[in-house]
Every structure is written in C-alpha cells, then in structure tokens.
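Participant: Need a 3D model of the sequence below.
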Amino acid sequence: MSENGPAHRRILLVTGMSGAGKSTALRTFEDMGWETVDNLPLSLFEKLFEAPMSLDPANAERSIAIGIDSRTRGFDANAIVERIKILAESQALDIDTLFLDCGGAELERRFSETRRRHPLALDRPAASGIGLEREVMMPLRRWAVHVIDTTDGSTNDLQKELRARFGSKRTDELTITVTSFGFARGILRNADLVFDMRFLRNPHWNRDLRPQTGLDAAVGAYIADDPAYDDVLRRIEDLAILLLPRYQAEGKSYVTIAFGCTGGRHRSVHVAERVGERLRKAGFSPTVAHRDLAFPSLDSVERVAAGENGNAGE
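Facilitator: Below is the predicted model of the structure:
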C-alpha cells in the first residue's frame, strides 16, 4: 500500500553530493508510492508539469521526486534555484528540495570501495571532484528545505529517515528522534539539540558493567548514582518539554535530540532511553535510536576519558 495519500501531492527535488545516497533515496520514494524521475534535462523540467494529469485520480495525486545532480545536462545550481522559484509561482506548485550531503573522507571511501569514478573527476582523484562538486552545489544546499547528512549512516538509516520525514502522517505532527552516540566516533550530524553526558560516572571502568550496555538495569543504576544525575536529567527533560511545542509552533517538522558519551554504549544510551520515556509520558511520540550501540566497548576508545570522574580504576 502506498504511504502517500491522494489528498496531498508533494513535489520534491532530490539532489546533493555524488555518492551521498540519491539513488537510494529515489528507490525509497518509489517504494513509498511516489513517481520518480532521475537526471531529467533541465530543458524538460517545465514540460513535466505542463503534461496533462492522468485520468486516474489516484495517479494524478501521486507525489513526485525528481533527481538532479551535477551530471545533469546544463547543470547550474543558481539557475536551477531561480527556475524552480519561477515555476512554483507560475504553476502554483509547492516544490521542496532535499539535499543529501556527506563528508569528503567518507565520499572518497565510498568511491574507492565501489571503484567508481567521480563524475567531475573522471581522470583525477575523487577528492578533486568532491571539492569541485561541493562548491558548485552550494546554492542548492543553502536553499534546500531538507538536508540529510549520510556520513555516519547506512543505507538502511537513510531509508528510515526518508520514511519518517516523507511518509504519510498528519501535517501538524512533530517527528521527534532521541538518539545516543559516541564522541569517539564523531558527533552526530543532523541533531538539533546535543547534550554531552561524559560528566556522568562511566560504567566502562567497572569490570562487571563493561560488557553490558545502557539498556541494562545494572548500568542504569550505576549511572543514576552520580550525584549530578537527577538534577541534570530533570532539567534537560523539562527543557525538551518546553522547547518541542515551540519548535512545532514555528513550523519545524523534525527535531532530533542527541546524547553523547565517549563510546556511545553506556551513559548516552541510558539517558536517551530515560528521556524518550519521559517525553512519552508528556504526550509526545519520540523514536529512540542508538547509533553506536553495536560497536565493541574498547579501552582504546574510552581511555581518553579515563580520568574524567576519577573512577578509571573501578
């Protein structure tokens, strides 16, 4: 069954850095019941919307995702922005833009693993094409309504994010994600609010608790025994409950609250679960996720924080 109801037809320009996930995004939209078009020549862009609507009302109201990138014939990011503005006004269309971004080092790794040539550096290293493309794509990134950074995520993560953002839901519903991560593996991108939990007692340095995670009761009890725990968590929860309705009132549709610790397995996981539960009790419907929970707990990762609470030897 299509996730896109006939009552609301959306038009979405899908663009971004080569290798950041545009093909995955378009396949996901297709699976969701959208019509998809990739690398449509800019000269045909207007004609796509001038074509007669289908006699089938269901098809006439299907949302459409249009893929465009630096390979598209006649590509000029500034010209595209201006053309879409004019088209939206002349045809009374609501056209949004999704920009898929990704860090340069990760893009280089992806091109190396797939042995693909970067479209703007066919006879040069991928890094050269990535730098050039980031420059020429900047007007579209600045103008985009939706920006998703795929540096730290998998294909499955991107699919979930797209379904959460663009799947059928009430237009006034706020999509809330509460997630944990480890600073040792990089700060979580796309987060709206980030809280550093490294001031709390670290269960990693307790031999019995190290193999466990923040999902385990014993780990939670150990963390909660920190003198600052109750006061800080209560204030963070109160702040979130205060801010979320204000974000919604200002028209924001997606809010990500991120909690980080060193490795992303103990403190941040426990806190994300607790805050998620508090938000549910307050009437919200958050999704709780844990970016780094699957990674092993290693001394080499945690050692940088060994003396933070004076309990490295526990």
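
Participant: so who does the closest residue to Arg185 other than its chain neighbours touch?
Facilitator: Closest residue to Arg185 apart from its sequence neighbours, by CB to CB, 6 or more residues apart in numbering: Asp292 at 5.5 Å. For glycine as for every other residue, the C-beta is placed from the backbone atoms N, C-alpha and C. The contact partners of Asp292, by CB atoms under 8 Å, 6 or more residues apart in numbering, come to Ser180, Phe181, Gly182, Arg185, Gly263, Gly264, Arg265.

Participant: Out of these, list just those in strands.
Facilitator: Ser180, Phe181, Gly182 (DSSP state E).

Participant: ok, back up a step: is the residue nearest to Arg185 in a helix, a strand, or coil?
Facilitator: Assigned by DSSP: H, G, I helix; E, B strand; the rest coil, the conformation of Asp292 is coil.

Participant: measure it to Glu106 for me?
Facilitator: 16 Å (CB to CB, to the nearest Å).

Participant: Does anything pack onto the strand or helix carrying Leu239? Which helices or strands?
Facilitator: According to DSSP states H and E, Leu239 maps onto helix 229-249. Applying 3 or more CB pairs under 8 Å, 6 or more residues apart in numbering; DSSP states H and E, one finds that helix 229-249 contacts strand 193-196, strand 254-261, helix 267-281.

Participant: Distance from the chain centre to that helix, please.
Facilitator: Centroid separation for helix 229-249 versus its chain: 21 Å, with CA atoms, centre = their mean, to the nearest Å.

Participant: Would you map the helices across the stretch 1-150 of the chain?
Facilitator: 22-31, 45-50, 57-60, 77-90, 104-114, 126-143 (DSSP state H, counting those that start in this stretch).

Participant: Comparing those, which stretch has the densest surroundings?
Facilitator: Counting by mean count of other CB atoms under 10 Å, helix 22-31 has the highest mean neighbour count of the helices of the stretch 1-150 of the chain, with a mean of 19.

Participant: rewinding a little: with just CA atoms, put the helix holding Leu239 into CSV.
Facilitator: C-alpha atoms of helix 229-249 as CSV (Å, rounded to 0.1, in the frame of the first residue of the first chain):
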residue,chain,number,x,y,z
TYR,A,229,22.3,12.8,37.6
ASP,A,230,18.9,13.6,39.0
ASP,A,231,19.1,17.4,38.8
VAL,A,232,20.7,17.5,35.3
LEU,A,233,18.4,15.0,33.7
ARG,A,234,15.3,16.6,35.2
ARG,A,235,16.4,20.0,33.8
ILE,A,236,17.2,18.5,30.3
GLU,A,237,13.8,16.8,30.2
ASP,A,238,12.0,20.0,31.3
LEU,A,239,13.9,21.9,28.7
ALA,A,240,12.9,19.5,25.9
ILE,A,241,9.2,19.5,27.0
LEU,A,242,9.3,23.3,26.9
LEU,A,243,11.0,23.6,23.5
LEU,A,244,9.3,20.9,21.5
PRO,A,245,5.9,22.7,21.3
ARG,A,246,7.6,25.9,20.4
TYR,A,247,9.5,24.2,17.6
GLN,A,248,6.2,22.9,16.3
ALA,A,249,4.5,26.3,16.6
